[in-house]
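**Q** Provided below for reference: sequence and predicted model.
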Amino acid sequence: MSATMVSSEQRVEAEKTAPANLEEAVLVESKEEDYPHGLQLAFVVLGILLCLFLAALDMTIVATAIPKITDEFHAIDQVGWYGSAFFLTLAVFQSFWGKLYRYCHLKWTYLAAGVVFEVGSLVCATATNNTALIVGRAVTGIGGAGLYCGTYTIIAFIVPAAKRARYTGLVGVSYAVASVAGPLIGGVFTDNISWRWCFYINLPIGGASLALILFSFKPPATAKPVPASLKEILLQLDLLGVALALVSMVCFFLVTQWAGASRPWDSASVITCLVVSVVTSFLFVGVQIWQGERASLVPRILSKRVVYGVACFAFFQNGMNFFFTYYIPIYFQSIDNYSAAQSGIYNLPLIFGACFLITIYGYYTVYMAVGSAACTIAAGLLYTMGMHTPLAHPLGYQMLLGAGQGLAIQVPVIVAQAISAPEDISASTAVILFFQMTGGAVCISAGQSAFINRLLYYLKSIAPGIDAARIVTIGASDLRGQVSSGDIDAVLQAYLGALKDTFALGVGFAGCAFLASWIAPIRNLANGSKVNVMAAL
């Protein structure tokens, strides 16, 4: 993502409008002395990477803890909400924070996002019921959205464009380390202390990282907030669009939770939620078009083929990933009877496969296509797992899945930033992260619906004498302790069938990601120059 030397007239034009294609990409540079150096730069980077580490940790740390959480709250049918509530607000509030970073002080806005994240973590850690945990996850997602968008935005302003890919690579490292540590830490805490420490851990580390930023970060002159009245800032935040997106997705998640499980598909509540979700989705699109430059998803940016192409890819690719991140631990703990810590260890191949350095040379589309193709093959192999599958098989399949994910997942953000004028970087980043996180939220929720509906179906067909409603309320890791020895084999067969059908959805999303990888135009990135990216889950 190298800078292109341009004349002063071209610089002025670049500030007025974003480039239409990759060849026109121009990044306006500040003077070298405007950037932080030495220890100051090191402390700032360390602070934001720690913040991103925590936000990324929250994506996966809960995965191995979910079976124990369902044991305590007796709600296997709520599994989807533990992830979806976090990803929902993480997605919807990306642009909200992106606008705040544009019109408000960069440093104080980032710190505010960190405080919101910490408050949400505290609510999760002290939750006494299922509802409190879900609300806490939603609040954590709001703060996490600010940390994600803010981290990429700060990097764009504190280092020259020629070095930006290197520091974006560090973001990938932080993300990868968190992804590696998440399932393992979650399993260790769950087995030896309590699942609540999956959230308590955010408080001391988050406090230290925010202190680093507070005392070491001085935003450069190029990060000066755009002058605007309070009324204009409120209009720019697109609160109506945010509200419509929240209502639409919450109603969709309620449909996936209720339909076929606790309520019939043709019940009034399910149909009402489905209608409201569809109507508010169309209203959201209309509001985005009407808002124009004030929209959460700026039409001028999203209408570029490059942007909507990589955004579509990010949606399916990230969604596919979280099908397996959340349900493979359930397979290990229910079917194979491993502990939470063991399932965390056996999840590591999925993460390690994604942790390698790639160099994007020329045609970035190749990386998305090859990565998603590898994921499709790996997802298909995971679907074949049975009751007595040798451990080496899922470990190898996860390694291939992680390698494909690592090869492709960072590419959309890199490309979107590479084609954006400086004033559009935060908005472009917000668009990509919105689709990426929405993919995670939608797929976790869809996975829950598939799992519960198919579990009820298999229980009815394989073990009609068993109380299916009771099985659904039993935690995944507590099946052998709650189900009689005469019934456990049938229940495990039903669990396996439900998990395989859930994995089948992951195969479909991986295939859609492969198709979406060809939407964006096949062009050289930054006129053929190379971009180093630390691939991460």
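**A** Thanks, I have it. Residues are numbered from 1 along each chain as shown.

**Q** residues near the closest residue to residue 240 other than its chain neighbours, how many?
**A** Spatially, and ignoring its direct neighbours in sequence, residue 240 is nearest to residue 287 (5.6 Å; Cβ to Cβ, 6 or more residues apart in numbering). Placement of C-beta: from N, CA and C, glycine included. By other Cβ atoms under 10 Å, the residues close to residue 287 number 20.

**Q** what does the one 10 residues further on give?
**A** Using other Cβ under 10 Å, residue 297 has 24 other residues around it.

**Q** ok, now residue 217?
**A** Count around residue 217 with other Cβ under 10 Å applied: 21.

**Q** is the nearest residue to it once chain neighbours are set aside in a helix, a strand, or coil?
**A** Leaving aside its chain neighbours, residue 217 sits nearest to residue 44 (4.7 Å; criterion: Cβ to Cβ, 6+ apart). At residue 44 the chain is in helix, as set by DSSP: H, G, I helix; E, B strand; the rest coil.

**Q** so residue 44 sits against residue 35, correct?
**A** No. Look at residue 44 against residue 35 with Cβ atoms under 8 Å: they stay out of range, at 10.3 Å.

**Q** now do the shared contacts for the two.
**A** Contact criterion Cβ atoms under 8 Å, 6 or more residues apart in numbering; residues shared by residue 44 and residue 35: residue 158.

**Q** higher neighbour count, those two?
**A** Neighbours were counted for residue 44 and for residue 35 using other Cβ under 10 Å; residue 44 has more, 21 against 17.

**Q** in contact with that one: list those residues for me.
**A** 36, 154, 158, 212-213, 216-217 are the contacts of residue 44 under Cβ under 8 Å, 6+ apart.

**Q** looking at these, which has the most residues close by?
**A** Tallying neighbours with other Cβ under 10 Å puts residue 158 at the head of the contacts of residue 44, with 27 neighbours.

**Q** flag the shaky bits of this protein, pLDDT-wise.
**A** Applying pLDDT under 70 to the chain flags the ranges 1-34, 75-77, 165, 176, 180, 351-363, 525-537.

**Q** which residue ranges form the strands in the stretch 151-300 of the chain?
**A** Read by DSSP state E, counting those that start in this stretch, the stretch 151-300 of the chain holds no strands at all.

**Q** correction: the previous question concerned the stretch 401-537 of the chain.
**A** So, for the stretch 401-537 of the chain - with DSSP E, counting those that start in this stretch - the strands run 530-534.

**Q** nearest residue to residue 185 other than its sequence neighbours?
**A** In space, and not counting its chain neighbours, residue 185 is closest to residue 61: 5.8 Å by Cβ to Cβ, 6+ apart.

**Q** distance check, the residue nearest to residue 217 against residue 221.
**A** 16 Å (Cβ to Cβ, to the nearest Å).

**Q** repeat that for residue 376.
**A** Distance, residue 376 to residue 221, by Cβ to Cβ: 47 Å.

**Q** of the two, who's got more company?
**A** Set residue 376 next to residue 221 and count neighbours by other Cβ under 10 Å: residue 376 wins out with 23 against 10.

**Q** so what's the backbone phi/psi at the more buried one?
**A** Note on residue 376: backbone dihedrals following degrees, to the nearest 10 are phi -60, psi -40.

**Q** quick check, it in contact with residue 507.
**A** Yes. Residue 376 lies in contact with residue 507 (Cβ under 8 Å); the separation is 6.7 Å.

**Q** how far away from the center of its chain is stretch 371-389?
**A** Here the centre of stretch 371-389 is set off from its chain's centre by 21 Å, with Cα atoms, centre = their mean, to the nearest Å.

**Q** ugh, wrong one, I meant stretch 212-232
**A** With Cα atoms, centre = their mean as the basis, stretch 212-232 stands 26 Å off its chain's centre.

**Q** how about it as CSV, C-alpha atoms only?
**A** Output of stretch 212-232 as CSV, limited to C-alpha atoms (Å, rounded to 0.1, in the frame of the first residue of the first chain):
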residue,chain,number,x,y,z
LEU,A,212,-0.9,3.9,27.8
ILE,A,213,-3.0,5.7,25.2
LEU,A,214,-4.0,8.4,27.7
PHE,A,215,-0.4,9.4,28.6
SER,A,216,1.4,8.7,25.3
PHE,A,217,-0.9,9.5,22.4
LYS,A,218,-0.9,12.9,20.9
PRO,A,219,-3.0,13.0,17.7
PRO,A,220,-1.0,14.5,14.7
ALA,A,221,-2.2,17.6,12.9
THR,A,222,-3.7,15.5,10.1
ALA,A,223,-6.1,14.0,12.7
LYS,A,224,-7.7,17.3,13.5
PRO,A,225,-11.5,16.9,13.8
VAL,A,226,-13.6,18.3,11.0
PRO,A,227,-15.3,21.4,12.2
ALA,A,228,-19.1,20.9,12.6
SER,A,229,-21.9,22.0,14.8
LEU,A,230,-23.5,19.7,17.3
LYS,A,231,-26.6,19.4,15.1
GLU,A,232,-24.5,18.5,12.1
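
**Q** buried set for it?
**A** The neighbour-count check on stretch 212-232 (16 or more other Cβ atoms under 10 Å) flags 212-213, 216-217, 219-220, 223 as buried.

**Q** distance to residue 388 added to those, as a markdown table?
**A** Converted to a markdown table, the buried residues of stretch 212-232 look like this (distance: Cβ to Cβ, whole Å):
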| residue | distance to residue 388 |
| --- | --- |
| 212 | 50 |
| 213 | 51 |
| 216 | 55 |
| 217 | 54 |
| 219 | 58 |
| 220 | 59 |
| 223 | 58 |
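
**Q** from the centroid of this protein, which residue is nearest?
**A** When Cα atoms, centre = their mean is applied to the chain, the residue found nearest the centroid is residue 437 (4.0 Å).

**Q** that one against residue 94, yeah?
**A** Yes. Shown here, residue 437 and residue 94 form a contact pair, counting by Cβ under 8 Å, at 6.9 Å.

**Q** shouldn't residue 274 be in contact with residue 255?
**A** Yes. At 5.1 Å, residue 274 counts as touching residue 255 under the criterion of Cβ under 8 Å.

**Q** name the nearest residue to residue 490, sequence neighbours excluded.
**A** Closest residue to residue 490 apart from its sequence neighbours, by Cβ to Cβ, 6+ apart: residue 463 at 3.8 Å.

**Q** now the helices for the stretch 1-150 of the chain?
**A** For the stretch 1-150 of the chain, helices defined by DSSP state H, counting those that start in this stretch occupy the ranges 8-16, 38-60, 66-73, 79-92, 94-103, 106-125, 130-158.
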